[in-house]
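> Below are the sequence and a predicted model for it; my questions follow.
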Amino acid sequence: MNLYQNLIRRDLAQFGQPELDPRHVEASMLCVYGTLSHLERGAWSRAVREAAAEVLAMGPEMSEALAQTWGL
């Protein structure tokens with residue numbers, strides 16, 4: 001698990017969604033932002049929330065396919 005996934009896992013737990021795969025959330029975030037290193041704390045939290053909602057809407061199969069396209 002990479003640094004971003006650890007941060008995402010922490011935020012998902014705080015948001016009450018610990019069951020989501022952080023790789024799926026990271027992949028969704030990458031689709032929007034391209035890179036995550038520039039996100040400040042407030043923007044990061046919003047991005048995780050938005051990506052988590054997208055992952056839930058996509059479902060596990062599409063989310064896994066997306067993660068694999070990003071090499072996650």
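Nice, thanks for sending it over.
> phi, psi of residue 25?
With angles defined as degrees, to the nearest 10, residue 25 sits at phi -70, psi -40.
> The closest residue to residue 48 other than its chain neighbours - how many residues pack around it?
Leaving aside its sequence neighbours, residue 48 sits nearest to residue 11 (Cβ to Cβ, 6 or more residues apart in numbering; 4.4 Å). C-betas here are computed from N, CA, C, even on glycine. Neighbouring residues of residue 11 were enumerated by other Cβ atoms under 10 Å; the total is 19.
> do the same with residue 19
Neighbourhood size, residue 19 [other Cβ under 10 Å]: 7.
> Then residue 71?
Neighbour count of residue 71, defined by other Cβ under 10 Å: 7.
> now it: how far from residue 23?
For residue 71, the distance to residue 23 equals 10 Å [Cβ to Cβ, to the nearest Å].
> Also residue 49?
Separation of residue 49 from residue 23 (Cβ to Cβ) stands at 17 Å.
> Also residue 60?
Applying Cβ to Cβ to residue 60 and residue 23 gives a distance of 11 Å.
> give me every residue that touches the residue lying closest to residue 6 once chain neighbours are set aside.
Closest residue to residue 6 apart from its sequence neighbours, by Cβ to Cβ, 6+ apart: residue 22 at 7.6 Å. Residues in contact with residue 22 (Cβ atoms under 8 Å, 6 or more residues apart in numbering) are 1, 4-6, 8-9, 12.
> please redo it, this time with the cut-off set to 10 Å
Shown in contact with residue 22 (Cβ atoms under 10 Å, 6 or more residues apart in numbering): 1-2, 4-12, 48, 51-52, 55, 67, 72.
> for residue 29, same thing?
4, 8, 35-36, 39, 44, 47-48, 50-52, 54-55, 70.
> okay, stretch 38-54 in CSV with CA atoms only?
The C-alpha coordinates for stretch 38-54 follow below in CSV (Å, rounded to 0.1, in the frame of the first residue of the first chain):
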residue,chain,number,x,y,z
HIS,A,38,-0.5,19.2,-5.1
LEU,A,39,-3.7,18.8,-3.1
GLU,A,40,-3.8,20.7,0.2
ARG,A,41,-5.6,19.1,3.2
GLY,A,42,-9.0,20.6,2.6
ALA,A,43,-9.0,19.9,-1.1
TRP,A,44,-7.7,16.4,-0.3
SER,A,45,-10.6,15.6,2.0
ARG,A,46,-13.1,16.8,-0.5
ALA,A,47,-11.5,14.8,-3.3
VAL,A,48,-11.6,11.6,-1.2
ARG,A,49,-15.3,12.2,-0.4
GLU,A,50,-16.1,12.8,-4.1
ALA,A,51,-14.0,9.8,-5.2
ALA,A,52,-15.6,7.5,-2.6
ALA,A,53,-19.1,8.5,-4.0
GLU,A,54,-17.9,7.7,-7.5
